[in-house]
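Enquirer: Give me the fold of what follows.
(chains A, B, C, D, E and F)
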Protein chains: 4
Amino acid sequence: MFIKIDFQSEIPIYTQLYNEIIKGIAKGELLPGEALPSVRVFSQDLGINMHTVNKTYGLLKQDNFIQVHRQKGVEINPDGFPPADEVFLEKLRENLEPLVAESIARGMSHEEIIKECSKVFEKLGRKGE
Amino acid sequence: MFIKIDFQSEIPIYTQLYNEIIKGIAKGELLPGEALPSVRVFSQDLGINMHTVNKTYGLLKQDNFIQVHRQKGVEINPDGFPPADEVFLEKLRENLEPLVAESIARGMSHEEIIKECSKVFEKLGRKGE
Amino acid sequence: MFIKIDFQSEIPIYTQLYNEIIKGIAKGELLPGEALPSVRVFSQDLGINMHTVNKTYGLLKQDNFIQVHRQKGVEINPDGFPPADEVFLEKLRENLEPLVAESIARGMSHEEIIKECSKVFEKLGRKGE
Amino acid sequence: MFIKIDFQSEIPIYTQLYNEIIKGIAKGELLPGEALPSVRVFSQDLGINMHTVNKTYGLLKQDNFIQVHRQKGVEINPDGFPPADEVFLEKLRENLEPLVAESIARGMSHEEIIKECSKVFEKLGRKGE
DNA sequence: GTGGTCTAGACCACA
DNA sequence: GTGGTCTAGACCACT
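Expert: Numbers count the residues shown, from 1 in each chain, chains lettered A, B, ... in the order given. Modelled structure (predicted):
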């Protein structure tokens, strides 16, 4: 699994890392029960601060995407992933709204927007891209 | 046009305001040539600082959604809006990616994701909601 | 003589008007002794405020490009134009500096910069363009 | 690198600072990858407000002359500088026009104008002036 | 310690 | 009265 961090981005590094790991899960590259690098190793590999990895792991744990075992390491949640409950759907729509709004304002049709959305879905759907 | 600012949100106020105005344009509530409030009036109405509104106007101007006439005020760009060029589409996909990825990770199918996207589209499509 | 005002520009209208008249002189479209429109007529033609035209005329008079006769109107200075004295040259170089500096920073050579400068000269040199 | 701000000038301080930094790049005094002072340190050194420096940095970032690393500071773009594309050349000619026009109106010849332009070029070309 | 954001209050040029 | 600019001072997220 290849993780790309953009140090110039305005998106916090811990968020980027969070997203990359979720992306790995979505692609099927990270399977339930699979081990993740330790905080120390991961931070060295990526050239970032240990605290940053720690923060990402904390968030992923909170959202039930991973399990953190003291001294035994971190693994992708072997019991499966959290469902798309109403709380998540509400958050999803909220985040989608400004993107869709600007797309409409720039003249895109419903079909065009859906098409872009599908493109992203398919890109993520292909395992091991 | 009704604008709602969430002072507790982690999203900067100037970004929220930007998004709300784009939403107004998408909904057809803000038409080309229509005047926007002056920075002072708007900031008082919203209970925020003048400079915050100014920053939003600066961004909207930069993206060609509004025109700023130095001594006459601000108006929705009467010459129409910027197109959804490749630069925008690339940015759109980049922003869509983490949302779609998490949706997939939480077990949503292609259809379910598209459906949520369409819901948002239709909510915005209804003028004067 | 055709005068173009850009109301969206960040350059003050009175400065734009000043520049346009100087351009007319440079092109030879406005000759010494030639009459300029009255403040009232000019402001109506251009769709701008009388005070604005007045300010431009004041500056042009101050720089000896025009003569203002009470009740007789305004004319291009029949006694010729002010020379390019050291004061002017100093101001010219000062204004040129940031333009040349950015050109260099963007990788332009001496020849390329001179070429652009010459292009502008020739565009202005052609009378009645 | 020595930077001079004229507090009496009608040119905004943030623009003066922008120009001075570009001049530093043009002269080769500021090299790609070189660090710039933090907004706080710089503003204290220059005797101006933090936000004014911030605005300058924002513009330089927008034009790709610098890179801003959120928690590490600001550096001259290590990947090189933006090219003199057609957009820039058009802007350059537009800015050159009134300067050349007034020079012509004051009786300067093509050669004299080119000569002043070259003087400015050579002044900037001399590294470490 | 860094940049990002926000507020409050002021003066100015412009029209 | 409008936006543009500048100052002073504050809190926050990130590393």
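Enquirer: State the distance from residue A:41 to residue A:50.
Expert: Counting by CB to CB, to the nearest Å, the separation of residue A:41 from residue A:50 is 10 Å. Where C-beta positions appear, they are placed from N, C-alpha and C, glycine not excepted.
Enquirer: Please disregard the earlier target; I meant residue A:125.
Expert: Counting by CB to CB - residue A:125 and residue A:50 are separated by 33 Å.
Enquirer: tell me which parts of chain A are close to chain D?
Expert: A:7-8, A:10, A:12 (CB under 8 Å from any CB of the partner chain).
Enquirer: mind checking pLDDT for residue A:126?
Expert: As predicted, residue A:126 sits at a pLDDT of 53.
Enquirer: returning to what we had before: overlap between the residues of chain A next to chain D and the residues near DNA strand F?
Expert: residue A:12 (CB under 7 Å from any atom of the strand).
Enquirer: Show me the two of the residues of chain A next to chain D that sit farthest apart.
Expert: A:8 and A:12 (12.6 Å; CB to CB).
Enquirer: Report the buried residues of the host helix or strand of residue A:118.
Expert: Using DSSP states H and E, residue A:118 sits within helix A:110-125. Within helix A:110-125, the residues that count as buried by 16 or more other CB atoms under 10 Å in any protein chain shown are A:113-114, A:116-118, A:120-121, A:123-124.
Enquirer: which of those sit farthest apart?
Expert: A:113 and A:124 (17.2 Å).
Enquirer: The residue nearest to residue A:9 when sequence neighbours are not counted: neighbour count?
Expert: Nearest non-adjacent residue to residue A:9, counting by CB to CB, 6 or more residues apart in numbering or on different chains: residue A:16, 6.6 Å away. Around residue A:16 there are 21 other residues, counting by other CB atoms under 10 Å in any protein chain shown.
Enquirer: Pull the contacting residues for residue A:16.
Expert: A:5-6, A:9 (CB atoms under 8 Å, 6 or more residues apart in numbering or on different chains).
Enquirer: Okay, it and residue D:22: tell me how far apart.
Expert: 31 Å.
Enquirer: Now do the contacts for the residue sitting furthest away from the middle of chain A.
Expert: In chain A, counting by CA atoms, centre = their mean, residue A:107 sits farthest out from the average C-alpha position, at 29.4 Å. Residue A:107 makes contact with B:81, B:83-84, according to CB under 8 Å, 6+ apart.
Enquirer: Make a ChimeraX selection of the buried ones in those residues.
Expert: Selecting the buried subset of the contacts of residue A:107 in ChimeraX, with 16+ other CB under 10 Å as the burial test, is done by:
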select /B:81,84
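Enquirer: mind listing which of the contacts of residue A:107 are in strands?
Expert: Judged by DSSP state E, the contacts of residue A:107 include no members of strands.
Enquirer: Tabulate the contacts of residue A:107 (JSON lines), appending pLDDT and distance to DNA strand F.
Expert: As requested, those are exported to JSON lines (pLDDT from 0 to 100; distance: CB to the nearest atom of the strand, whole Å):
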{"residue": "B:81", "pLDDT": "95", "distance to DNA strand F": "20"}
{"residue": "B:83", "pLDDT": "96", "distance to DNA strand F": "24"}
{"residue": "B:84", "pLDDT": "95", "distance to DNA strand F": "26"}
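Enquirer: of all the contacts of residue A:107, which comes closest to chain D?
Expert: Ranked by distance to chain D (CB to the nearest CB), the contacts of residue A:107 are led by residue B:83 at 17.1 Å.
Enquirer: So the closest one sits against residue A:105, correct?
Expert: No. Judged on CB atoms under 8 Å, residue B:83 makes no contact with residue A:105 at a distance of 10.6 Å.
Enquirer: Excluding chain neighbours, what is closest to residue A:61?
Expert: That would be residue A:68: by CB to CB, 6+ apart, it lies 5.2 Å from residue A:61.
Enquirer: Kindly report the residues of chain A close to DNA strand E.
Expert: residue A:10.
Enquirer: Taking chain A, what residue is nearest to chain D?
Expert: residue A:8 (5.7 Å).
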